[in-house]
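>>> Have a look; sequence and predicted model below, questions after that.
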Amino acid sequence: MTAAPRHFLDICDFDSATLNGIIARARAMKNARRDWPKGRREPGEPLRGRMLALIFSRPSTRTRVSFEVGMRQLGGETLVLSSNDMQLGRGETIADTARVLSRYCDAIMIRAAHHANLTELAAAATVPVINGLTDLTHPCQVMADVMTLEEHEGPLKDQTVAWVGDGNNVTASWIHAVGRLGGRLRIGCPSEFRPSPEVLAWAGEVGADVMVTESPEEAVSGAGCVITDAWVSMHDTDGERRHNLLKPYQVNRRLMSAAARDARFMHCLPAHRGEEVTDEVMDGPASLILDEAENRLHIQKSILLHCLNADGR
């Protein structure tokens, strides 16, 4: 009987030991590369001869580049596809696409417009599927975020993290991370943009230390890290209304001063400078945004090794 593929769909699907193992391996690979040329491949090229299909229904910078570079560093190859490149954009079902790609490729990463597209693909695929972002969650980003915060401040279980702004897909994955790895998450957002009832209910079921408030000051009080994201995502059509409701949640010097002394700042990028965050914070000494972006590469290499059962576990 063929074993089920090792998908990476959401952080909540894994136990803490597996997640911590992925992060630890990413950190080890990053440390080992410090004095290497950027193009150098990993010793032994553990994914030599493997092919990763990358499907994008939305534009991408960090997700595309980090997966392409990461797969090449591991010795593998990539095939980049958009919906318009395939019959998927002309009516072929996601399930049929998954079955066919499974015959050609060793793994599939998808950036999907709808979370249901991801789960349908994973249900039909016979190779691992990785969630590169959906409208509901963004687990690869938050794994990189956790890795970044832990590099600077220690284990997540000892941290208080504040999320300020729209309770979006990245927020949902942060809730999953705190539910599995510990720590405290304080979410400041307008009532209209609270995280989904389903993800908050999950947090309650697993005993995650998550609090939601409409006050950005209350959310950041005592927090060692403040995180935000763009107010208007690619699928949003109510930009003006969002800006009006979220303007009080801008991360600026005043709001950062309400957090813990020497609090860090993170943003998954791309940022709309002057909207959800000021240049002063983005470019200031508290900012970890470039470490976050770099760590997408390392964490995704570790995820690939896990999914392709090339991690020795």
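It's in.
>>> Wait, residue 26 touches residue 298, no?
Yes: taking C-beta atoms under 8 Å as the definition, residue 26 is a contact partner of residue 298 at 4.2 Å. (Glycine included, C-beta is placed from N, CA and C.)
>>> Spit out the residues that contact these two alike.
Residues touching both residue 26 and residue 298 (C-beta atoms under 8 Å, 6 or more residues apart in numbering) are residue 147.
>>> Name all residues that make contact with the residue nearest in space to the middle of the chain.
Most central in the chain under C-alpha atoms, centre = their mean is residue 141, positioned 1.8 Å from the mean C-alpha point. Listed by C-beta under 8 Å, 6+ apart, the contact set of residue 141 reads 133, 170, 173, 268, 296.
>>> make it 7 Å
170, 173, 268 (C-beta atoms under 7 Å, 6 or more residues apart in numbering).
>>> Could you pull out the buried residues of stretch 17-28?
For stretch 17-28, burial by neighbour count (16 or more other C-beta atoms under 10 Å) applies to 19, 20, 21, 22, 23, 25, 26, 27.
>>> On the pLDDT front, check residue 240 for me.
On pLDDT, residue 240 comes in at 83.
>>> Mind listing residues that contact the host helix or strand of it?
Element membership for residue 240 (DSSP states H and E) is helix 239-246. With contact meaning C-beta under 7 Å, 6+ apart, helix 239-246 is reached by 165, 166, 190, 192, 231, 232, 236.
>>> Please repeat the previous calculation with a cut-off of 8 Å.
With contact meaning C-beta under 8 Å, 6+ apart, helix 239-246 is reached by 165, 166, 190, 192, 193, 231, 232, 236, 275, 276.
>>> Helices along this protein, start to end?
16-32, 62-73, 94-104, 115-124, 139-153, 169-181, 197-206, 216-220, 239-246, 253-257, 279-282, 289-307 (DSSP state H).
>>> Of all the residues in the fifth one, which ones are buried?
Under the neighbour-count criterion of 16+ other C-beta under 10 Å, helix 139-153 has 139-150, 153 buried.
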